[in-house]
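In: please work out how this folds:
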Amino acid sequence: MTFVATRAARGNLDGVEIEDGKLFIARTPPSSPEAARDLALRLNSMLPRVRITEVLSEVDAWTGFTDKFVHLRTGNSPADKAALLAAVLADGTNLGLARMADASRGLSYHHLVNVAQWHISDDNYVAARAAIINAHHAHPMATIWDDGTSSSSDGQYFRAGGRAGGGSSVNAKYGIEPGAVMYTHVSGQYGPFHTRVISATMSEAPHVLDGLLHHVHQTDLRIAEHYTDTAGATDHVFGLCHLLGYRFAPRIKDLKDRKLYTIEKPGNWPLLTPLIGDTVEITAILSQWSELMRLKASINAGNVLPSVILRKLAAAGAGNTLSRALRALGRIERTLFTLQWLSDPALRQRSHAGLNKGEASNALRRAVFFHRQGEIRDRTFENQSFRASGLSLITAAIVHWNTVYLDQAVQHLRAQGTAIPNDLLAHVAPLGWEHIALTGDYVWNPVHTSLRSVRNVRNPFIPRAA
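Out: A predicted model of the protein is given here:
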């Protein structure tokens with residue numbers, strides 16, 4: 001508080017001013033340079049043109065993710081991988097098994113149903129997605145974007161149609177039509193590593209922490225810093241993130257309207273006094289510290305999900321002693337975060353960039369989930385969950401496939417003498433799909449045993465090395 005107050009009095013807060021008790025924060029400038037956008041166009045134009053079936057088959061050959069779809073009774077790997085991939089594609093594209101059988105050669109509807117019933121489950125989807133994310137995390141190209149310690153999460157709304165419409169919720173924020181939200185966690189390397197379907201009227205905040213737990217996503221990622229938008233930024237989430245060892249760095253839209261909290265008297269910082277709301281209930285934290293530690297241990301042991309606890313604490317209200325203690329701890333953490341946000345432009349830039357990665361992947365998910373007008377038609381939560389899991393797995397496969405061939409394109413250009421610095425590559429996202437045929441007949445041809453050749457498209461924007 002003293003550090004920020006002193007710098008604010010001198011006018012030394014970069015992009016931040018405090019005048020007449022009001023906080024003004026300048027808009028964070030975009031971090032992607034024009035040259036990076038030109039490079040992204042060049043590299044994406046070089047990616048080979050393929051069918052989505054070829055993408056899945058090739059990624060499976062690299063990662064072996066289909067082996068994770070073990071038989072629910074025998075534990076054996078699937079014998080017919082083409083049928084399994086078709087069932088996964090039916091989930092991820094929202095096509096359904098009946099129409100997938102019509103669009104696939106040599107695969108009957110009854111065969112697809114049998115494979116789906118014995119091999120498709122939430123646990124198998126988690127293990128298969130983790131196999132792709134781990135391979136992607138280990139790829140040298142992915143380390144240019146991030147070291148695997150940051151992530152973001154965001155909810156994406158999908159309309160509900162047909163039989164699912166009557167049982168879905170209506171949220172005025174998304175319009176007057178019923179629907180559901182797919183809440184997805186995306187790593188700083190662009191890989192979606194966790195997803196969950198929630199009601200359109202349900203708060204996203206309780207689900208922020210679920211996807212960060214290692215025993216939930218089962219990948220090699222070790223998340224240390226996490227970004228969300230305003231919907232995920234509550235005092236309870238701040239407090240629980242601190243207990244579990246995660247740095248929570250949300251992009252809060254109404255930050256200037258949220259009060260700071262102190263332990264000492266607010267009058268010690270006259271310039272900041274209008275921004276300070278109240279003192280922290282230290283006694284609440286001290287009296288419930290053993291319970292907070294027990295809560296932390298239960299979550300780390302996998303006995304309970306954070307979303308379950310956070311929903312119960314929110315429903316219990318301020319009269320619940322554990323809820324008050326976690327809220328008080330969260331207010332300390334939110335105040336510390338806000339003070340660093342005001343004094344550290346790098347944190348603001350990092351949070352914006354991290355959250356933008358997750359939001360940018362929404363367009364790819366929307367493009368893949370295009371059948372049935374992109375509407376959720378399943379009535380049961382289990383089938384809706386399979387749709388979301390299939391979508392995130394296919395998205396992860398596309399991201400990894402694009403990463404492999406972006407690396408091939410970069411190596412090709414560098415071999416020709418084109419200078420491509422890594423600081424520009426850091427702004428090239430593997431989220432393109434224009435080169436991937438998502439529609440048409442789904443043909444499961446033999447897998448390419450070697451990498452495809454990149455397309456040779458000239459680009460006048462990239463300078464050649466001297």
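In: buried ones in the longest helix seen in the chain?
Out: Assignment by DSSP state H gives helix 381-415 as the longest helix of the chain. For helix 381-415, a neighbour-count test (16 or more other C-beta atoms under 10 Å) marks 383-410, 412-413 as buried. Yep, even glycine has a C-beta here, placed from its N, CA and C like the rest.
In: identify the residues contacting Thr184.
Out: Neighbour list for Thr184: 153-156, 192, 194-195, 211, 358, 361, 365, 388, 392 [criterion: C-beta atoms under 8 Å, 6 or more residues apart in numbering].
In: which stretches of this protein have low pLDDT?
Out: Along the chain, segments meeting pLDDT under 70 span 163-167, 457-466.
In: hmm, 80 instead?
Out: 29-31, 161-176, 379, 448-449, 457-466 (pLDDT under 80).
In: Arg387 reaches Asp378, doesn't it?
Out: Yes. Counting by C-beta atoms under 8 Å, Arg387 touches Asp378, with 6.3 Å between them.
In: tell me which element His111 falls in.
Out: Assigned by DSSP states H and E, His111 belongs to helix 109-119.
In: what are the contacting residues of the helix or strand that that helix is followed by?
Out: Where DSSP H and E defines the elements, the next helix or strand beyond helix 109-119 is helix 122-138. Residues from elsewhere that reach helix 122-138, judged by C-beta under 8 Å, 6+ apart: 59, 62-70, 142, 148, 187, 189, 191-193, 216-221, 382, 385-386, 389-390, 392-393, 396-397, 399-400, 403.
In: what's the answer for stretch 383-395, then?
Out: Here stretch 383-395 makes contact (C-beta under 8 Å, 6+ apart) with 52, 56, 65, 88-94, 120, 122, 125-126, 128-129, 132, 164, 180, 182, 184, 192, 194-197, 361, 364-365, 368-369, 376, 378.
In: chain center to that stretch: distance?
Out: Offset of stretch 383-395 from its chain centre (C-alpha atoms, centre = their mean, to the nearest Å): 14 Å.
In: what segments of this protein are strands?
Out: For the chain, the strands defined by DSSP state E occupy 16-19, 22-25, 50-51, 150-159, 179-187, 192-199, 225-227, 247-248, 260-262, 276-279, 436-437.
In: how far away is Leu406 from Leu313?
Out: 44 Å (C-beta to C-beta, to the nearest Å).
In: let me fix that, I meant to ask about Thr395.
Out: Applying C-beta to C-beta, the value for Thr395 to Leu313 is 32 Å.
In: what about Gly11, how many neighbours?
Out: Neighbour count of Gly11, defined by other C-beta atoms under 10 Å: 9.
In: so it touches Glu17, yeah?
Out: Yes. Using C-beta under 8 Å, Gly11 makes contact with Glu17 at a distance of 7.5 Å.
In: what sits against the residue lying closest to Val404 once chain neighbours are set aside?
Out: Of all residues not flanking Val404 in the chain, His139 sits nearest, at 6.9 Å (C-beta to C-beta, 6 or more residues apart in numbering). Going by C-beta under 8 Å, 6+ apart, His139 touches 400, 403-404, 407.
In: now those residues in a markdown table, with distance to Ser450?
Out: As requested, these are arranged in a markdown table below (distance: C-beta to C-beta, whole Å):
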| residue | distance to Ser450 |
| --- | --- |
| His400 | 17 |
| Thr403 | 17 |
| Val404 | 12 |
| Asp407 | 15 |
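In: of the residues you listed, closest to Glu291?
Out: Distance to Glu291 across the contacts of His139 (C-beta to C-beta) is lowest for His400, with 42.3 Å.
In: list the contacts of that closest one.
Out: Contacts of His400 (C-beta under 8 Å, 6+ apart): 59, 62-63, 132, 135-136, 139, 191, 430.
In: put together CSV for the residues you listed, with distance to Thr273 on each row.
Out: Below are the contacts of His400 laid out as CSV (distance: C-beta to C-beta, whole Å):
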residue, distance to Thr273
Val59, 57
Trp62, 59
Thr63, 56
Ile132, 52
Ala135, 53
His136, 49
His139, 51
Gly191, 45
Pro430, 48
